[in-house]
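>>> with the input below, show me the fold.
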Amino acid sequence: MTDNYFDSEDFSKIDFTKTKIKKGEYDNCTFLNCNFENVEATNIQFIECEFIDCNFSNTNVKNTAFKDVNFINCKMIGVKFNGCDTFLLQFSFKDCFLNYASFYQLKIPKTSFKNCNLQEVDFTETNLSSSIFDNCDLKLTVFDRTNLEKADFTSAFNFNINPEQNSLKSAKFSRENLEGLLSVYKIIVD
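Predicted coordinates:
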């Protein structure tokens, strides 16, 4: 098998549902307005790449490496990140739709989610220590045995986090969103 190597290349307006993405390593590449919807993007290495205005919905990322990758204004509905390569896994999300995505059991501390829609995402047993959820909608998102130590939820909303089932030491919340920590106790907050 011959692996392809792409360094500092720009990929713009490519529909990978029609043009098959080449397996290999993409280093310092930018993907702008590309469509990966339902694509088999397995066994690919993305290193220091940026994805801007891309559609990643239901993309298969099994054994795919994301090493220092930024997703900006991407639609990523239903992506099962828990199947990707975990070696040096590091990514950030800004202005992204990640509804129904799964990060099950991943170790992704210091991950930044900014202005993201994270409805019904699975963070079960995920290490999100020191992560930032800046202005993120976490409606029906699952936090179960999740490490949220030092995570910042001060501007997050619509979350329900059970303090007895998750690690929350030094996590940050605002007075306005404390209800998301107390709902498990059936307390009425006015």
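>>> so Ser92 sits in a helix?
No. Using DSSP: H, G, I helix; E, B strand; the rest coil, the assignment for Ser92 is strand, not a helix.
>>> what's opposite it in the beta bridge?
Asn70 (DSSP bridges).
>>> ranges for the strands of the protein?
Assigned by DSSP state E, the strands in the chain fall at 4-7, 10-12, 24-27, 30-32, 45-47, 50-52, 65-72, 85-94, 112-114, 132-134.
>>> which secondary element of this structure has the worst mean pLDDT?
Ranking every helix and strand in the chain by mean pLDDT, DSSP states H and E puts helix 179-182 at the bottom, with a mean of 79.
>>> quick check: domain ranges of the protein?
Listed by automatic domain parsing, the domain ranges of the chain are 1-76+84-96, 103-184.
>>> where does the chain dip in pLDDT?
1-2, 187-190 (pLDDT under 70).
>>> give me the residue at the spatial middle of it.
Phe93 (6.2 Å; Cα atoms, centre = their mean).
>>> if I look at it, how far off is Phe71?
Note on Phe93: its distance to Phe71, by Cβ to Cβ, to the nearest Å, is 5 Å. (Each C-beta comes from the backbone N, C-alpha and C, glycine too.)
>>> neighbours of the residue nearest to Asn73 when sequence neighbours are not counted, how many?
Leaving aside its sequence neighbours, Asn73 sits nearest to Asp95 (Cβ to Cβ, 6 or more residues apart in numbering; 4.4 Å). Neighbourhood size, Asp95 [other Cβ atoms under 10 Å]: 15.
>>> just Asn58 next, same as before
So Asn58, with other Cβ under 10 Å, has 15 neighbours.
>>> ok, now how distant is it from Phe143?
In terms of Cβ to Cβ, Asn58 sits 23 Å off from Phe143.
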